[in-house]
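1. Below are the sequence and a predicted model for it; my questions follow.
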Amino acid sequence: MCRRLVRESCPYKGVRPPTLVDLLPTIRLAPTVVVSVGYNDPATTFADGVEQALTALEKAGAQRVLWLTLTEERQSYADMNDVLRAAVAKHPELTIVDWQMYSRSHPDWFQDDGLHLGYGGAVGMATLIHKKLVDAGVVQATAARLAIATAKLPAARVGKPYLVRLRATGGTKPVRWSRLTGSLPAGLRLLLDGRVTGTPKTAGTKTAIVRATDAAGRRVSRRIALVVRSS
């Protein structure tokens, strides 16, 4: 949108967006702020703009500032990244998020100008920002999707003690197990912790649908078969 830090922003479709400093009094600021501004600022005034922006952010209530480095498509952007890194020494509230390093091996994330993001770049930037917010303790890590990893149970034998634990991946621990439909071979039972245990009484094959439920209430089910062979 052609936004600049302090100096008048460049026009976009006949409109000049407010600078970062001018925008701050008009919005409610969270304690942690993410900044990705600088591409439209002159390199010669960037250092002063960063200082003014950080001062304005602190005045507006920001306690932590995560500032993304610029994509170094031009030498001037590399110099401006050096300015950002140097500012950390004077501003303990400032954390540099190295978008340049994170994205440099993904030219497919950018449009033809090497600066504006495509869909993949937008997802990549959002992923990086989320990771840094998790590292800073601002947000909780998103649990991986709950899934039942056990696809097949080993065969059991009549009259022989049997013990196998069903395995789930992702989700929020602990995971509790239950049987929805079907049945296990006579003599075997499914415990809450996922153990299938007991001593089979008769040979044959039984099929059941088991459910895993994690601590956040997420549920997933899967059909499993258990073969019991004669001893």
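-> Ah, there it is.

2. as a whole number, average confidence for the helix or strand residue 121 falls within?
-> Assessed by DSSP states H and E, residue 121 sits inside helix 119-135. The pLDDT scores in helix 119-135 average 93.

3. Show me what counts as buried in that helix.
-> Neighbour-count burial for helix 119-135 flags 121, 124-125, 128-129, 132-133 (criterion: 16 or more other Cβ atoms under 10 Å). In this view, the C-beta of every residue, glycine as well, is placed from N, C-alpha and C.

4. Kindly report the same for stretch 81-89.
-> Those would be 81, 83-84, 87, for stretch 81-89 by 16+ other Cβ under 10 Å.

5. what's the answer for stretch 144-154, then?
-> 146, 148, 150, 153.

6. Quick check: the last one is in a helix.
-> No - secondary structure assignment places residue 153 outside any helix; it is coil (DSSP: H, G, I helix; E, B strand; the rest coil).

7. picking that back up, give me the contacts around the helix holding residue 121.
-> Identification of contacts with helix 119-135 by Cβ atoms under 8 Å, 6 or more residues apart in numbering yields 32, 34, 36, 66, 68, 95, 97, 99, 102-103, 106, 108-110, 117, 139-142.

8. now swap in stretch 176-188 and tell me
-> Taking Cβ under 8 Å, 6+ apart as the rule, stretch 176-188 contacts 156, 162, 166, 190-194, 196-202, 204, 206-214, 221, 223, 226, 228.

9. Quick one: name whatever helix or strand follows the helix holding residue 121.
-> Counting by DSSP H and E, what follows helix 119-135 is strand 147-148.

10. Show me what that next one is packed against.
-> In terms of contacts (3 or more Cβ pairs under 8 Å, 6 or more residues apart in numbering; DSSP states H and E), strand 147-148 is packed against strand 168-169, strand 219-229.

11. Can you pull out the residues in contact with the shortest one?
-> Strand 168-169 is contacted by residues 144, 146-150, 175, 194, 212, 214, 220 when judged by Cβ under 8 Å, 6+ apart.

12. quick one: residue 210 and residue 225 touch, right?
-> No - here residue 210 lies out of contact with residue 225, judged by Cβ atoms under 8 Å, at a distance of 11.1 Å.

13. List the residues that contact residue 40.
-> Taking Cβ under 8 Å, 6+ apart as the test, what residue 40 contacts is 2-4, 9-10.

14. Which pair in those has the greatest spatial separation?
-> 3 and 10 (8.7 Å; Cβ to Cβ).

15. who's more crowded, these two?
-> residue 3 (20 against 13; other Cβ atoms under 10 Å).

16. element containing that one?
-> Under the criterion DSSP H and E, no helix or strand holds residue 3.

17. Quick check: it touching residue 16?
-> No - using Cβ under 8 Å, residue 3 is not in contact with residue 16; the gap is 9.1 Å.
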